[in-house]
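Asks: build me a model from this:
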Amino acid sequence: MKPKLPPIQLPIMAAVLITLLAALWAGLIRVGWHWPVWQPMLPALHGPLMISGFLGALISLERAVAIRKPWTFVGPVLSGIGAVWLVVGLPLPVGQWLLLLGSLGLTAVFLHIIRQHPASYTMTMGLGAVCWLVGNGLWLGGWPIFRIVYWWAGFLVLTIVGERLELSRVARLSANTIRLFGAAVALFMVGLLTVLIWGSLGTRLIGLGLMALALWLGLFDIARRTVRRTGLTRFIAVNLLLGYGWLLVGGLTALLLGQAVAGPRYDFMLHAVFVGFVFGMIFAHAPIIVPSILPIQIRFHPILYGPTIFLHLALLLRVLGDIGAWQPVRAWGGLLNAVAILWFMGQMVFLAATSKRLPK
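Replies: Coordinates of the predicted model:
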């Protein structure tokens, strides 16, 4: 008999949704839209809210629901409270501490998982949780965002590639292929450590690591096979392959650019990874993940390709604005990216509400 879950998924998901909307609003202000704010620090909190608040709480909740042990919900609860705390505009250090403790909770969850099932993919995802913990600790310690954002990227990238490695077991990867994966992860981690001391060198090593992971995924991930199928399986594969392309672009940009503090090229590098790759993965897996967290059903329908295509075209527009230093183009690209995300969310709600009536 499965243990009864604490009835807290809905409040956590509410906090996740509030954080996402606030993070999108803050990002649009940062990209140039002169919109009102309800607290003065909101624009500066765009990255922390999106990564540690929205994605950190969501990933922690997903793991807690899968394990079904009450103690595993401590992490997502603390992350959700910390994120809403920052959205409202309450004292920053308290929100930082809550997010730090939330990331500590996810790290503890992965230590439990690794003890139960030690494998290359569980250790990779566990390393991702450690990256989140380190990034939050550095943020609390006063490090600038442009130095620690790579650790937060490590959290998301390693979580995703670890999950893809797990799913690629069906392809019966060779030992040498697994070693190549490990080498790419090691290169990326060396870059994360180096960036704390030598910013430009570390950023370039991180770029090489991202490129190596993108190439590995492009060559060995099962999405290359499943893209030939139909329905949800093909939809997932299309999103994955597009995301791998953006990860490669982001890594190449980091390699060529080196350390950057701000500006269009810095924006290009980060959003190629965080929008093109990470949100590509979210779009791919949301029809599976959301029903695993909430008591709803979401049947796949091809209408989901609409916001998917729109997301990548809008990101391409933003990238063109970054490369050409065309601020209006960059601002519209950012706005249309937000529209694509909200469009996707709306379609997910629609598909959940009409899951028994909508024709294929």
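Asks: so where do the strands sit in the stretch 201-350 of the chain?
Replies: In the stretch 201-350 of the chain, no strands are defined using DSSP state E, counting those that start in this stretch.
Asks: give me the number of residues near the closest residue to Phe300 other than its chain neighbours?
Replies: Closest residue to Phe300 in three dimensions, ignoring its sequence neighbours and counting by CB to CB, 6 or more residues apart in numbering: Leu232, at 3.8 Å. All C-beta spots, glycine's among them, are computed from the backbone N, C-alpha and C. Residues lying near Leu232 (other CB atoms under 10 Å) number 18.
Asks: can you pull the contacts of Leu232?
Replies: Contacts for Leu232 (CB atoms under 8 Å, 6 or more residues apart in numbering) come out as 287-288, 300.
Asks: please apply the same query to Phe279.
Replies: With CB under 8 Å, 6+ apart, Phe279 has these contacts: 311, 341.
Asks: and it, how far is that from Val185?
Replies: Separation of Phe279 from Val185 (CB to CB, to the nearest Å): 22 Å.
Asks: where does the chain dip in pLDDT?
Replies: The model of the chain has pLDDT under 70 over residues 1-6, 356-360.
Asks: hmm, try it at 80
Replies: Scanning the chain with the threshold set as pLDDT under 80 gives 1-7, 169-171, 261, 355-360.
Asks: does anything pack onto whichever strand or helix holds Ser103? Which helices or strands?
Replies: Under the criterion of DSSP states H and E, Ser103 resides in helix 92-116. Where contact means 3 or more CB pairs under 8 Å, 6 or more residues apart in numbering; DSSP states H and E, helix 92-116 is packed against helix 56-67, helix 74-88, helix 120-140.
Asks: and it with helix 56-67, angle?
Replies: 30 degrees (axes from the mean of the first three to the mean of the last three CA atoms, to 10 degrees).
Asks: go through helix 92-116 and flag the buried ones.
Replies: Residues of helix 92-116 classed as buried by neighbour count (16 or more other CB atoms under 10 Å): 92, 95-110, 112-113.
Asks: contact partners of that helix?
Replies: The contact list for helix 92-116 (CB under 8 Å, 6+ apart) reads 41, 48, 52-53, 56-57, 59-60, 63-64, 67, 72, 74-83, 85-86, 122-123, 125-126, 129-130, 132-133, 135-137, 139-140, 155.
Asks: ditto for stretch 119-134
Replies: 52, 56, 100, 103-104, 106-107, 109-111, 113-114, 151-152, 154-159, 161-163, 165-166, 178, 181-182, 185, 189, 192.
Asks: if you set the cut-off to 7 Å instead, what comes out?
Replies: 56, 103-104, 106-107, 110-111, 113-114, 151-152, 154-155, 158-159, 161-163, 165-166, 178, 182, 185, 192 (CB atoms under 7 Å, 6 or more residues apart in numbering).
Asks: rewinding a little: now the contacts of helix 92-116: which count as buried?
Replies: 48, 52-53, 56-57, 59-60, 63-64, 67, 72, 74-83, 85-86, 122-123, 125-126, 129-130, 132-133, 135-137, 139, 155.
Asks: all helices for the stretch 251-360 of the chain, in order.
Replies: Using DSSP state H, counting those that start in this stretch, the helices of the stretch 251-360 of the chain run over 264-271, 280-293, 305-324, 327-353.
Asks: give me the helices and strands touching the first one, please.
Replies: Going back to what we said before, that points to helix 264-271. Here helix 264-271 touches helix 231-257, helix 305-324, going by 3 or more CB pairs under 7 Å, 6 or more residues apart in numbering; DSSP states H and E.
Asks: next one: the nearest residue to Gln9 once chain neighbours are set aside from Ala64, what distance?
Replies: Of all residues not flanking Gln9 in the chain, Ile293 sits nearest, at 5.8 Å (CB to CB, 6+ apart). Distance, Ile293 to Ala64, by CB to CB: 9 Å.
Asks: over to Leu187?
Replies: Taken as CB to CB, the span from Leu187 to Ala64 is 31 Å.
Asks: stretch 313-325: how far from the chain's middle?
Replies: 20 Å (CA atoms, centre = their mean, to the nearest Å).
Asks: over to stretch 345-353?
Replies: Counting by CA atoms, centre = their mean, stretch 345-353 comes out at 21 Å from the chain centroid.
Asks: now it: buried residues?
Replies: Buried residues in stretch 345-353 (16+ other CB under 10 Å): 345, 347-348, 351-352.
Asks: how about those in CSV, adding distance to Pro7?
Replies: Formatted as CSV, the buried residues of stretch 345-353 follow (distance: CB to CB, whole Å):
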residue, distance to Pro7
Met345, 23
Gln347, 27
Met348, 22
Leu351, 24
Ala352, 19
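Asks: between these, which is nearest Leu242?
Replies: Set against Leu242, the nearest of those by CB to CB is Gln347 (17.6 Å).
Asks: give me the number of residues near Leu294?
Replies: 15.
Asks: for it, which residues are in contact?
Replies: So Leu294 contacts 9, 13 (CB under 7 Å, 6+ apart).
Asks: can you tell me how far it sits from Ser52?
Replies: 22 Å.
Asks: about what we covered before: tell me the most buried of the helices and strands packed on helix 264-271?
Replies: helix 231-257 (a mean of 21; mean count of other CB atoms under 10 Å).
Asks: and it with helix 305-324, angle?
Replies: Using the same axes, to 10 degrees: helix 231-257 against helix 305-324 is 10 degrees.
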